[in-house]
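>>> Task: produce atomic coordinates for the following.
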Amino acid sequence: MINIGGELGQIGNERTRTVLESFAGSRYLPIRLGAMSAIRRIRSPESASVLIQRLDDIDENVRYLAVITLAEIFQKYGEYAPGMGLFDKNPGKYVELWKDWYRKQ
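Residues are numbered from 1 along each chain as shown. Sure, this is the predicted structure:
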């Protein structure tokens, strides 16, 4: 399972985006992490709704990948793009910041 997740993370082809987005909701953490890494590589604004959904993921790493991927896609830095250390101190702050941004779009 871990190998599959790692391989998924290497995909960077826009044509696979919708499949990867569905994998981002997998019940298996390695699959979710791999899919999120691939979505980050693709950087498509069309993935925004899936990334917003992943802000509520049970796994903090998936939530962080959603935050940082949104920041990279929409080129919003500063408070919108915390390092992992800052995110770990107050993940709810960054999750809510992005959810609020998305609601206003």
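
>>> so who does the residue nearest the centre of the chain touch?
Residue closest to the average C-alpha location in the chain (C-alpha atoms, centre = their mean): A66, at 2.3 Å. By C-beta atoms under 8 Å, 6 or more residues apart in numbering, A66 lies in contact with M36, L51, I52, R54, L55, D57, W98. Every residue, glycine included, has its C-beta placed from N, CA and C.

>>> Tell me the pLDDT of the second one.
Think L51. pLDDT, L51: 98.

>>> cool, the fifth one as well?
L55 carries a pLDDT score of 98 in this model.

>>> That one contacts V95, correct?
Yes - if you go by C-beta atoms under 8 Å, L55 and V95 touch, sitting 4.6 Å apart.

>>> Please enumerate the shared neighbours of those two.
R63, V67.

>>> which intervals of this protein have sub-threshold pLDDT?
Within the chain, the segments meeting pLDDT under 70 span 1-2.

>>> the helices in it, which residues?
Using DSSP state H, the helices of the chain run over 2-8, 17-23, 29-42, 48-54, 60-74, 84-89, 91-103.

>>> All set now, cheers.
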